[in-house]
Structures are given as structure tokens and as C-alpha cells.
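**Student:** Sequence first, then the predicted structure, then my questions.
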Amino acid sequence: MNDITPIIFLGAPRNGTTWLGNILNEVFGIPTAVHPLHYGLHESKTCKHYKKWGKFLDTDTYIEFLEAYGSCDYFQLAKGDKLYFYENPQQDFLDFYFELMDQFAKKLDSTIWCTKLDPDYYIHPKELSIFLEKINERYRAVKFVGIKRKYNAYFQSYLKMNGRSFKQRQKLPFLGYWLAAARYETYYLAIDKILANQNGLHLTFENLNENYELTIEQIKLFLGTKRLKLKTTAPANTSFHKQNRRKGISRLPKIIHKLVASFPFTAILILQVYEKLKPTRLNIYRRLLKAKYFRAEFINELKQSNDLILIDYLNKQDKDF
């Protein structure tokens, strides 16, 4: 078995997972894929990729995968070496991913690495079971850390979240109400089960925000690692500015959340139906290449998805240059 220790952190989007990942990387020095164009932490999306590529059944499939994945941000940020993977072919995507992260840790003289568990696993129990089985078979120790935010704060952040679906949430807020509630309830039902079965650490966004030092000490004791810095310097992955925040949410979203929480099976059904109806995206990001070679087009793309913080980052780079 492998003596490297993966740290898997869990949480629904807008619940502090990017902040937690940046803390693990910067404050504790745990290797992971990070870059300002991803607000620090770059998510691995292993469930999506496993569903797409699965087992590499033949040489052509493996070459096609490696050439496609080899140009993406995650592979570059994890210091991936295509030649190494051509000389050491992997059986399936998860074997490839674990080997990529193991090699990344070794290049940084580390015996530990971390990643966020792809939220898609929470509605795909078969793929989640495969992931957990494979990672527990490969490593002597795997540590799981979960973070959760109170629903009202999560909901406000969710509706204003940057990205490809930003305009859709503005045009169809009622759909957003249902999806927000369904994701929160479904994801944390799965997360709580994983943390219980894997002896994981439960954190809350509020404690991390209000009792930072105590929470950092709690993480330190759980991981058994050293603290290198006081705080993370990564840009905050915030979806709206403080002056636009409301103290509460309106009555309708609260009613919808109570309904979904009372009937958890409806939450899973909502997400499964929505997934079948929405366009399939693999989520391979090439922001590094776009920023370098297609900057004007990339900035326009970011404007369309309301990624103002990333636009500010690129503009500042241009001024400094």
C-alpha cells in the first residue's frame, strides 16, 4: 500500500470548500492544484472525468485522453508529465489521477496531498463507492474533512455565484430556489454519511470565520501536520460584495427549503431530472492557455459569466507588466 496520505475535503458549493482548500495548501503546505485564475484551489472533478473516461480499454482511448487532459489547467498545475504517463500507462481515470497527485507530492518532497471531493459523487452513489474503494485500497491512510455553512448564507451566495449558470439563475430564480435546496440537502446527507464511515472531521464555515485560530488548531491536530503560515493569501472566492448582501432571505426560498428538507427523496429526484435535462459539460478548464494566448477573448468570456474578480486579476497583471 502507498505511504502517501491524501486529504479529501468535502462540502457543497458556496460552503467554504475553496477557502478550506486554500488553507490546507497555504497554511499547512499540503500540495494541491492552485492558481489565482481558479481563486486558488482548482477542483479536480474526478467523478465527471471517471464517468467520461472510465477504464482505458485500448491504446487509442488512452492517447486521446492523455492528449486532451494534458493541456488542461489541472494537469499543468499538478506538474503533470505526459511522457511519464506514456511510459507508465494507467488502467482507468482514477488510477491516473491518484498517480498524478502522488507524483506531484513527490516532486514537492511531500508525503501528503489534498483535493476537493467532486460534488457529483453525492448524486452518483455507484461512482462514489468506486472512488472510496479504490482510494482506501491504494493508501494506508486517507483523511476526510467536511465543511458546512448555515443555509441562509449559503443560499444568498449560491444565487449570486459566478460561472456559466449565473445568467440562468438571474432569469429563472424559482428554478434556483429548488436547485439550491436540493443540492444542500442531498449533498450533506451523503457528506455526513462519508464522514461518519471514514472517521472524518466536521467543520462549520461559521466557526472557521469567527474562531479561526481554534479551528486551524483543530485541523492541525486532526491532520497531524505543521502550520507554515497564519492565513491564506488566495483571492476570496466570493460571489457578491458585502454591500449587496441581505440579512435574510425571502419567504418563498425558505418554504421550498423546508419542503425539500422534509422529503429528502424529492431533492435527489430534482437533481437527477435536472442533470438529464441540462447540457453535459466535462469541465476541462484551459484558463492558463487562454490567458496567455487568447487574452481578449478570455476576458470577454469571463464577463459573460460575471467573473469580475478574475477580470480584475488579469487587468492588474497587464498593468504590472
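**Tutor:** Looks like it came in fine. Residues are numbered from 1 along each chain as shown.
**Student:** Where do the strands of this protein begin and end?
**Tutor:** For the chain, the strands defined by DSSP state E occupy 5-10, 34-35, 40-41, 112-116, 143-148, 201-204.
**Student:** Rebuild the ones you listed as CSV, extending it with mean neighbour count and distance to residue 124.
**Tutor:** All C-beta atoms are positioned from the backbone trio N, CA, C, and that covers glycine. As requested, the strands of the chain are arranged in CSV below (neighbours: other C-beta atoms under 10 Å; distance: least, C-beta to C-beta, whole Å):
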stretch, mean neighbour count, distance to residue 124
strand 5-10, 23, 15
strand 34-35, 18, 26
strand 40-41, 24, 22
strand 112-116, 24, 16
strand 143-148, 22, 18
strand 201-204, 18, 23
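**Student:** Among these, single out whichever gets nearest to residue 49.
**Tutor:** Distances from residue 49 to each of these were compared by C-beta to C-beta, and the smallest falls on strand 112-116, at 12.2 Å.
**Student:** Out of the strands of the chain, which is closest to residue 178?
**Tutor:** Ranking these by their distance to residue 178 (criterion: C-beta to C-beta) puts strand 143-148 first, at 20.0 Å.
**Student:** got the angle between the closest one and strand 5-10?
**Tutor:** Angle, strand 143-148 to strand 5-10, by axes from the mean of the first three to the mean of the last three C-alpha atoms, to 10 degrees: 20 degrees.
**Student:** Tell me the neighbouring strands of strand 143-148, and mark each as parallel or antiparallel.
**Tutor:** Listed by DSSP bridges, the sheet partners of strand 143-148 and their directions read strand 5-10 (parallel), strand 201-204 (parallel).
**Student:** lowest-confidence helix or strand of this structure?
**Tutor:** The weakest-scoring helix or strand in the chain, judged by mean pLDDT, DSSP states H and E, is helix 166-171 (a mean of 62).
**Student:** number of nearby residues for residue 187?
**Tutor:** Neighbour count of residue 187, defined by other C-beta atoms under 10 Å: 22.
**Student:** If I look at it, what pLDDT would I see?
**Tutor:** Per-residue confidence (pLDDT) for residue 187: 97.
**Student:** try residue 92
**Tutor:** Among the per-residue scores, residue 92 shows a pLDDT of 97.
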